[in-house]
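K.L.:
Fold the stuff below for me.
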Amino acid sequence: MSAKKIFIILISLILFLQEANAQEEKWISYKVPKYVRDFAFEGDYIWIGTRFGIVKWNKKTGQYIRYTTSDGLINNWVNAVVIDSEGNKWIGTGELFEYGANACKFDGETWTSYTFYDGLYNNQVFSIAINKNGDIWFGGDTGVSKYDGNTWTSYSWLKGDSIYFGRVQCIAFEQDSIVWLGQYGGISKFDGKSWIKYRLGSNLNYNDVKAVAIDADGTKWFGTRGGGVFTFDGFNWASYGTEDGLVHSRVQAIKIDSDGNKWFGTYGGVSKFDGNTWTNYKTTDGLVEERVYAIAIEEEGIKWFGTDGGVSVFGSLSDFPTVITCLPDIVNNITIPDDSSIVTLNYLDDASLSFNFTSGDVANHNISIKKISSLSDDFTGSSDYAGVPEFDKPVFYYDMSIDVSDFEVELTFKYTDDFLAYHGIEEDSIVVCYYDCSLNPRGNIWHVLSGAINKEFNTITVTVDQFSLFAITGNDETLVRAFRFPQDFRLYQNYPNPFNLATTIRYALTNTSHVQLTIYNILGQKVKTLVNEPQSSGEYFVIWNGTNDSGLQAGSGVYLCKLKVSSFSETKKIILIK
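P.N.:
As a prediction, this is how the structure comes out:
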């Protein structure tokens, strides 16, 4: 055999091996960020919407930055993110029944918020989609709004439009002129002139439509909360369930790749359907968690899956980082978001916390402490435990707020071996994490001066001043969020306003008080008592359906909503339109 032929064979073999290696698919999973709800691609970056802000992640380096309300995001609970042709990020936010969420735009420098008063006819935004004309559609709790860059157009059952009653959870476009909406209640289709509604049987779970995608043949694929997958080709309906091969009947996300394969994110893992065969992926295959809420597919065919437990990536991943980290300038410098709905707290009884003032006049300070176990009568607080989303294992955190800055406190946390074993933390891996959040918009400074771990006596001690926080965990990476109580009594403006069927009224309490929330007419006559009871500190919301105390419908007009708490009172105008 000639040298030339040998050379050609070797080159062909090398090219074949390179192609085979490039096509080899594998899983990589990351345990941060958690609580993922949506993805959007931008060059080397992927924007990830989570329940704790939005993350800009460099896919090549593995470094990421998290944006929250402290940066300008309108609400930390992010449901949807899309990027327009000019690079603007459009973000839909808000937990179900939450007031004051809506949408915002981020151009890389400036955050712009959009609410009901700008033309967005929704309280929360659960889905966003952009058609080829550049029109941006926002699906919300009361309908859908379209924004063309200048004008807002909204469709809602509150306005009498023939759209289903129920939040819009997903949006897809057919030939750009037809819009399909998946809603809590069914499916709505809009051709630019009129609405058509579809029901998927009498079972409510079947009509809670979580996801929609349209394939190259024009067939619509709908994912439901408990009824599996439904398809519609314009004439005939079909369905797929677990008996056909779908891994779970609750489907949260659907995406279609360039080969026409359908990918389904479910409560039991991921399913792929090529038209004939179902292939399922679970944690045993490499998926980080089996409740999948979001799917995104890159042009190269790489699939991204978002779960509460992190992010999983599937495809040819030879150049992907195996570890992701916060950028250095924010690892230990975190601005705490200016809201009170960050973590859920639970009681913990098998540990103790003690305090020792090292300087300053204790008697003249107003001290509020959140702690693990009961303290002496000199202090106030409650037992708190928080599993912070960015940590793989539980995090136990403590914070102290004081109204001056001229003393220091030494906090000692004493743990037991059973305590660590119960929460899955190895003693040799314990670390103390310190956080300095001096950029807090309310002026509170979070600062830990020093800390030490004494494994002989099973103690962790930190010295703190002002508004302080520390955490212990078996994992020393990532950020911490903290629960913040309201600092002022407040009555917020109701939403929507004006309203037709119902409106949400939200208020904040700084301490336990007897609360009266009452609706009056313009003459000062009482119409409806919404609240008349003691309530503890926190934020609350009440829905008024426009009826009086007798259950009769109130007439159209201007009403006054009055919050009275101790010596505090505040009134807002409410407009009811029938």
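K.L.:
For this protein, which residues score under the pLDDT cut-off?
P.N.:
For the chain, residues meeting the criterion pLDDT under 70 lie at 1-23, 96-101, 202-205, 317-487, 537-539, 541.
K.L.:
per-domain residue ranges of it.
P.N.:
Taking automatic domain parsing as the criterion, the chain consists of the domains 332-473, 490-576.
K.L.:
Next, the buried residues of stretch 278-286.
P.N.:
When neighbours are counted by 16 or more other Cβ atoms under 10 Å, the buried residues of stretch 278-286 are found to be Trp278, Asn280, Tyr281. (C-beta placed from N, C-alpha, C; glycine too.)
K.L.:
before we move on, what about stretch 88-96?
P.N.:
With burial defined by 16+ other Cβ under 10 Å, the residues of stretch 88-96 counted as buried are Asn88, Lys89, Trp90, Ile91, Gly92, Thr93, Gly94.
K.L.:
what's the closest of the buried residues of stretch 278-286 to Tyr164?
P.N.:
Closest approach between these and Tyr164, by Cβ to Cβ: Trp278, at 30.0 Å.
K.L.:
Hmm, the closest one is touching Glu243, no?
P.N.:
No. Under the criterion of Cβ atoms under 8 Å, Trp278 makes no contact with Glu243, lying 10.8 Å away.
K.L.:
thinking Phe41 is in contact with Ile297, fair?
P.N.:
No. At 9.3 Å, Phe41 and Ile297 do not qualify as touching, with contact defined as Cβ under 8 Å.
K.L.:
Would you mind telling me which of these two has more residues around it?
P.N.:
Set side by side, Phe41 and Ile297 show unequal neighbour counts under other Cβ atoms under 10 Å, the larger going to Ile297 at 19 against 16.
K.L.:
now that one, which residues is it bridged with?
P.N.:
Beta-bridge pairing of Ile297 under DSSP bridges involves Lys303.
K.L.:
ok, so what distance separates it from Lys272?
P.N.:
With the distance defined as Cβ to Cβ, to the nearest Å, Ile297 ends up 11 Å from Lys272.
K.L.:
Are there residues contacting both of these two? Which ones?
P.N.:
Trp263 (Cβ atoms under 8 Å, 6 or more residues apart in numbering).
K.L.:
and Lys197, how many neighbours?
P.N.:
The local packing of Lys197 (other Cβ under 10 Å) involves 15 other residues.
K.L.:
actually Gly149, not the one I wrote
P.N.:
Gly149: 9 surrounding residues under other Cβ under 10 Å.
K.L.:
so who does it touch?
P.N.:
Applying Cβ under 8 Å, 6+ apart to Gly149 gives the contacts Gly134.
K.L.:
Angles on the backbone of it, please.
P.N.:
For Gly149, the backbone dihedrals (degrees, to the nearest 10) come out as phi 100, psi -20.
K.L.:
Leu120 now?
P.N.:
Listed backbone geometry of Leu120 is phi -80, psi 110, with angles given as degrees, to the nearest 10.
K.L.:
Now do the buried residues in stretch 555-567.
P.N.:
By 16+ other Cβ under 10 Å, the buried positions in stretch 555-567 come out as Tyr559, Leu560, Cys561, Lys562, Leu563, Lys564, Val565.
K.L.:
Please report phi then psi for the residue nearest to Phe173 when sequence neighbours are not counted.
P.N.:
Counting by Cβ to Cβ, 6 or more residues apart in numbering, the nearest residue to Phe173 once its immediate chain neighbours are dropped is Asn131, at 4.8 Å. Per-residue torsions, Asn131: phi -90, psi 180 (degrees, to the nearest 10).
K.L.:
Check Val168 too.
P.N.:
Listed backbone geometry of Val168 is phi -90, psi 110, with angles given as degrees, to the nearest 10.
K.L.:
Quick check: Val179 touching Trp137?
P.N.:
Yes. Between Val179 and Trp137 there is a contact under Cβ under 8 Å: 6.6 Å.
K.L.:
Now the common contact residues for these two.
P.N.:
When contacts are counted by Cβ under 8 Å, 6+ apart, the set common to Val179 and Trp137 consists of Val144, Ile171.
K.L.:
re earlier: ok, which pair from the buried residues of stretch 88-96 is furthest apart?
P.N.:
Using Cβ to Cβ, those span at most 19.6 Å, a distance reached by Asn88 and Gly94.
K.L.:
Trp27 touches Lys282, doesn't it?
P.N.:
No. The pair Trp27 and Lys282 fails to qualify as a contact (Cβ under 8 Å) at a distance of 10.9 Å.
K.L.:
Could you work out the end-to-end span of stretch 551-566 for me?
P.N.:
Start to finish, the residues bounding stretch 551-566 are 28 Å apart (Cα to Cα, to the nearest Å).
K.L.:
ranges for the strands of the stretch 101-250 of the chain?
P.N.:
102-106, 111-114, 125-130, 136-140, 143-147, 152-156, 168-174, 178-183, 186-190, 195-198, 209-214, 220-224, 229-232, 237-240 (DSSP state E, counting those that start in this stretch).
K.L.:
what's the burial count for Ile130?
P.N.:
By the measure other Cβ under 10 Å, the count of residues near Ile130 is 17.
K.L.:
again but with Asp308, I slipped
P.N.:
The burial count for Asp308: 17, using other Cβ under 10 Å.
K.L.:
likewise Ile54?
P.N.:
Close neighbours of Ile54, defined as other Cβ under 10 Å, add up to 26.
K.L.:
My guess is it contacts Ile74. True?
P.N.:
No. Contact between Ile54 and Ile74 fails when scored by Cβ under 8 Å: they sit 10.8 Å apart.
K.L.:
hey, what's in contact with both of the two?
P.N.:
Where contact means Cβ under 8 Å, 6+ apart, the residues bridging Ile54 and Ile74 through contact with each are Ile91.
K.L.:
Not counting sequence-adjacent ones, nearest residue to Asp215?
P.N.:
For Asp215, the nearest residue in space outside its immediate sequence neighbours is Ile256; the separation is 5.4 Å by Cβ to Cβ, 6+ apart.
K.L.:
pretty sure that neighbour is in contact with Val212, am I right?
P.N.:
No. Taking Cβ under 8 Å as the contact criterion, Ile256 and Val212 are not neighbours in contact, 11.0 Å apart.
K.L.:
Find the residues that touch each one of the two.
P.N.:
Listed as contacting both Ile256 and Val212 by Cβ under 8 Å, 6+ apart are Trp221.
K.L.:
Could you check which of those two is surrounded by more residues?
P.N.:
Set side by side, Ile256 and Val212 give different neighbour counts by other Cβ under 10 Å, the larger being at Val212 (21 against 18).
K.L.:
Contacts only, for that one.
P.N.:
The neighbourhood of Val212, defined by Cβ under 8 Å, 6+ apart, consists of Cys170, Ile171, Ala172, Trp180, Leu181, Gly182, Ile187, Lys220, Trp221, Phe222, Gly223, Ile254.
K.L.:
quick one: which of those residues is nearest Ser154?
P.N.:
The shortest separation between Ser154 and any of the contacts of Val212 is 13.0 Å, and it belongs to Leu181 (by Cβ to Cβ).
K.L.:
rewinding a little: ok, the residue nearest to Phe173 - contacts?
P.N.:
Applying Cβ under 8 Å, 6+ apart, one finds that Asn131 lies in contact with Trp137, Phe173, Asp176.
K.L.:
For Phe499, see how far away the last one is.
P.N.:
This points to Asp176. When Cβ to Cβ is applied, the distance between Asp176 and Phe499 equals 33 Å.
K.L.:
who's more crowded, the two?
P.N.:
Looking at Asp176 and Phe499 with other Cβ under 10 Å, you find the greater number of neighbours at Phe499, namely 20 against 10.
K.L.:
May I ask you to confirm that the more buried one is in contact with Lys159?
P.N.:
No. Counting by Cβ under 8 Å, Phe499 stays clear of Lys159, with 11.1 Å between them.
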